[in-house]
Structure formats: structure tokens, C-alpha cells
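S.K.: Could you work out the structure for the sequence below:
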Amino acid sequence: MLNHVWISLLLIGIFTAVGRDINDEVQNTYRNGLPVTAHFESVQQTASVNPSFEGEIVISAAAFNQFYNISSAVKEIRHPATLTTLTSGKQKLELKISDSSPLFWKEMAKAAGGKEKLEADVRSYNAGTGECVFAMEKVSYVKIKAVTKAALDFADTAVTISLGLIGVMALWLGIMKVGEAAGLLELLTRLMTPVTRRLFPDVPPNHPAVGAMIMNIAANMFGLNNAATPMGLKAMEELNKLNPKAGTATNAMCTFLVVNTAGLTLIPATAIAIRAGLGSADPGMIIGTSIFGAGCATVSGLIAVKLLQRLPKYKREMEVTEPEAKND
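M.R.: Model (predicted):
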């Protein structure tokens, strides 16, 4: 079911992007090929093979808004520019994009591949009056490019996270094996039995799922989010072995998911490390609020899941499922 949701969202994003791009092409949102008249104020000439003049392009707010059919420019546009004469005799205009650039030009530069400058073909330039007529470089298929770039970026992020998770999973699965061989896991499970028995009455006390859940909860309590992930996956895998109907979450699975998602934390190590890295004066000041917030979330979640488990709808589902599993 989740795969269908993801593919649906992906197709919606692609079709929406294509639709927006077609609309931009029809409306010529970026004014491709259309000339705009401005005033070029030359400041100085730079020495190079192709003579160029550095200065400012001046466009009134009314002319800018009318040309691009927007309302973001509230004052006169004065933007640094470089006018270059090529060996072929043609002239080029370069606009270096910065924080002070008009928002629309920033969007055009981002759409053109995240460039730091926009180029324009100069149609005519009168050095005497400073009048300059130019047409900006073509910008098209903005949204589909953005969707494609985002898909590739997130695919790269997914691979990076997956590779980083391999080491953590290997480490904590190894620690779990060592703890199991040394009897530590059994001791910890025995100490936590009164709690786990009440939270997970359907899971046998000595089942491997209990140890994995305890390790996951312990890692979350110390704010080791990445370390808690492999134990959470292991716990769900073990709980699924007790599942009478594959594909349907059991009461124990739902309860564990609530505890895991609420993330009861005693020492938010990851958050403290981030705050310290960003120069916080007191990185540990969030400990109290983290414990209170996560505690409230855990208690509320457990109350909700235990109440929902008692509803006739879900109890009837389990009654129907168990005989079917026995017949199989």
C-alpha cells in the first residue's frame, strides 16, 4: 500500500511540474526572447582582450513590474552589470546574482542551473545616452528540472544514510550478541520484565523481541537515534514472527511503535551535540524540557493505543484472524 502512495505522489509531482512548465511556456513567464529597455551607467572600463565596461543597469520599478508581470519590485532596480564587446562585434551583458538582486532574477538564475550570474544578448546600446536594449538568456522547463534535481539529491541522500547505517547496525547487533552471550541481555530483560509484561502481554518474556525492544528503548533514552534504529528494526522483525496474520500490525507492534516514536529521552545526546556545534552557550539546557515533552508524548501514546486495542472493531479482527492461522 505504501508503495502505491509513493508512486502516486511521484506521478502527481511529475505531472504538476510538466503542467506548470507548459503554462510557463505558453505564458512566456520568463520573457524568453523579449527585449527590455534599461539605462546602463558605466563606471569603469576593464582591460582585457574583449573590452568591457562595469556599471549598473537601471530599470524603473514600474517598467520592471510591467515587463515581468509581477509586483515584487517596490523601488527602482539598480543592479551591477558588465557590458562586454566580443570579437564578433556582438555585445553581452552579465548580471551577477547576489542577495540584493530582484527576486525574479534570483529565481531565473536558480532555474538556469543555480548559476551565480545571468547573461543577456544586447540588441542595441547607445554609449551617449546609456540606453541599453537586451534580452535575457532563455529559461525553460524550470519545474521538471527542479523535480529531477530533487529526486537525484534525495536518492544520493538515501544512499549516504544507508551506508552510514550499516556501521551502526553492525556495531549494535554485535553488542547485542556479546550482551546475549555474557548474560547481560538476559539480566536486563529480567529487570525490565514487570514493565514489558504490562506493555506487551502478548509477547513471551524470554522472546528475542523483548531484548531488542529493551535495547532500542535504552538507545532512545540516551539520545542515540541512529543506534536505536537497527534495534527497532530487529524488534519489529522478531515481533512479526509472533504475528498470526502477516501484513496486519499486532497489539505489541502498535505499542512498541508508540514507545519508539514518542522517543522517551533522558539525555538527548544528538540534540546537545548539534547545539554545541552551533555555538550554544548552554547546550544541555534542553534536557529538562526534552524529558517532559517526550514523557507526555509517551504517556499519551500509551493511553491511546491501549484504549484503541479494547475497541470491539480491533478485538473482532484478532478473533477472526487467530482461528484462520491455526487452521493453516
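S.K.: can I see the domain layout of this structure?
M.R.: Using automatic domain parsing, the domains assigned to the chain come out as 31-139, 183-327.
S.K.: Look up the pLDDT of the residue lying closest to E119 once chain neighbours are set aside for me, please.
M.R.: Nearest residue to E119 in three dimensions, chain neighbours excluded: E137, at 4.9 Å (C-beta to C-beta, 6 or more residues apart in numbering). For every residue, glycine as well, the C-beta is placed using N, CA and C. Looking at E137, its pLDDT is 87.
S.K.: Test my guess that E137 contacts L118.
M.R.: Yes - the pair E137 / L118 is scored as a contact, 6.3 Å apart, by C-beta atoms under 8 Å.
S.K.: one step back: give me the neighbour count for the residue nearest to E119.
M.R.: Residues lying near E137 (other C-beta atoms under 10 Å) number 17.
S.K.: just the strands in the stretch 101-250 of the chain please.
M.R.: Per DSSP state E, counting those that start in this stretch, the stretch 101-250 of the chain carries strands over the ranges 117-125, 131-136.
S.K.: right, so the ones you listed: which one is the most enclosed?
M.R.: strand 131-136 (a mean of 19; mean count of other C-beta atoms under 10 Å).
S.K.: Output the contacting helices and strands for it.
M.R.: Packed against strand 131-136 by the contact rule (3 or more C-beta pairs under 8 Å, 6 or more residues apart in numbering; DSSP states H and E) you find strand 36-46, strand 117-125.
S.K.: rank those strands by mean pLDDT and give me the bottom one.
M.R.: strand 36-46 (a mean of 78).
S.K.: quick one on the thing from earlier: need the overlap of contacts for E137 and L118.
M.R.: Common contacts of E137 and L118, defined by C-beta atoms under 8 Å, 6 or more residues apart in numbering, comprise A112.
S.K.: how near is N28 to V139?
M.R.: As judged by C-beta to C-beta, to the nearest Å, N28 and V139 stand 10 Å apart.
S.K.: Looking at the two, which one has more neighbours?
M.R.: V139 (20 against 12).
S.K.: Dihedrals phi and psi, the more buried one?
M.R.: phi -130, psi 120 (degrees, to the nearest 10).
S.K.: Contact partners for the nearest residue to K306 once chain neighbours are set aside?
M.R.: Counting by C-beta to C-beta, 6+ apart, T255 is the residue found nearest to K306 once chain neighbours are left out, at 7.6 Å. When contacts are counted by C-beta under 8 Å, 6+ apart, T255 touches L199, F200, L302, V305, K306.
S.K.: switch the cut-off to 7 Å
M.R.: Neighbouring residues of T255 by C-beta atoms under 7 Å, 6 or more residues apart in numbering: L199, F200, V305.
S.K.: would you say the last one is within a strand?
M.R.: No - looking at V305 with DSSP: H, G, I helix; E, B strand; the rest coil, it is helix, so not inside a strand.
S.K.: In space, what's closest to it - neighbours in sequence excluded?
M.R.: Excluding the flanking residues, the one nearest V305 by C-beta to C-beta, 6+ apart is V258, at 4.9 Å.
S.K.: try the first one
M.R.: Distance criterion C-beta to C-beta, 6+ apart; nearest residue to L199, sequence neighbours excluded, is T255 at 5.7 Å.
S.K.: Now do the phi/psi pair for the one you found.
M.R.: Torsion angles, degrees, to the nearest 10, at T255: phi -60, psi -40.
S.K.: From A297, how far off is it?
M.R.: For T255, the distance to A297 equals 14 Å [C-beta to C-beta].
S.K.: just to revisit the earlier point, tell me who's in contact with the residue nearest to V305.
M.R.: G301, L302, V305.
S.K.: out of the residues you listed, which one sits closest to T157?
M.R.: Nearest to T157 among the contacts of V258 is G301, at 28.6 Å by C-beta to C-beta.
S.K.: returning to what we had before: got JSON lines for the helices and strands packed on strand 131-136, with distance to H79 too?
M.R.: What follows is these, written out as JSON lines (distance: least, C-beta to C-beta, whole Å):
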{"stretch": "strand 36-46", "distance to H79": "9"}
{"stretch": "strand 117-125", "distance to H79": "10"}
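S.K.: For T250, which of those is the nearest?
M.R.: strand 117-125 (58.6 Å).
S.K.: Tell me where the stretch 101-250 of the chain has helices.
M.R.: Taking DSSP state H, counting those that start in this stretch as the test, the helices found in the stretch 101-250 of the chain are 103-111, 142-182, 184-199, 208-221, 225-241.
S.K.: L95 bridge partners, please.
M.R.: A81, L118 (DSSP bridges).
S.K.: Perfect, I'm done here.
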